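[1] Generate a structure from the sequence data that follows.
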Amino acid sequence: MNKLVRSFLSEEDGLGTVEIVVIIAVLVGIALIFRDAIIKFVTDIMKSIFASDSITNDVNSQLIRQSNQIN
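    Below you'll find the predicted structure:
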């Protein structure tokens, strides 16, 4: 019985899963906090790559912000 308890306490398989979940939660939180800056950054990159404004008009941070408001 002692051997079973010791092996259970020394087992670390679940620790990796918890770490991954915490890392994903932190990344999602950072993305939500800085989403306007991220959208502006992506829009600026798209403007530098594509000369057409029709592509960059689809990613308008104000329109995205208005349509995704949390009530």
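
[2] Ile24 is in what secondary structure piece?
    According to DSSP states H and E, Ile24 maps onto helix 13-33.

[3] what about that helix, average pLDDT?
    Average pLDDT, helix 13-33: 86.

[4] And for it, what's in contact with it?
    The contact list for helix 13-33 (CB atoms under 8 Å, 6 or more residues apart in numbering) reads Ile38. Backbone N, C-alpha and C define where each C-beta goes, glycine included.

[5] Which helix or which strand is home to Arg6?
    helix 2-10.

[6] same deal with Ala51?
    Using DSSP H and E, no helix or strand contains Ala51.

[7] quick one: pLDDT of it?
    So, for Ala51, pLDDT stands at 71.

[8] Output the contacting helices and strands for the helix or strand just after the helix holding Ile24.
    Using DSSP H and E, the helix or strand that follows helix 13-33 in sequence is helix 35-49. Applying 3 or more CB pairs under 8 Å, 6 or more residues apart in numbering; DSSP states H and E, one finds that helix 35-49 contacts helix 53-57, helix 61-67.

[9] Using CSV, write down the CA coordinates of helix 35-49.
    What follows is helix 35-49, C-alpha atoms only, in CSV (Å, rounded to 0.1, in the frame of the first residue of the first chain):
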residue,chain,number,x,y,z
ARG,A,35,-6.3,43.1,-29.2
ASP,A,36,-6.6,46.6,-30.6
ALA,A,37,-2.8,46.9,-30.8
ILE,A,38,-2.6,43.4,-32.4
ILE,A,39,-5.2,44.3,-35.0
LYS,A,40,-3.5,47.6,-35.8
PHE,A,41,-0.1,45.7,-36.1
VAL,A,42,-1.6,43.1,-38.5
THR,A,43,-3.4,45.8,-40.5
ASP,A,44,-0.1,47.8,-40.9
ILE,A,45,1.7,44.6,-42.1
MET,A,46,-1.1,43.9,-44.6
LYS,A,47,-1.0,47.5,-45.9
SER,A,48,2.8,47.1,-46.4
ILE,A,49,2.4,43.8,-48.3
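
[10] That'll do, ta.
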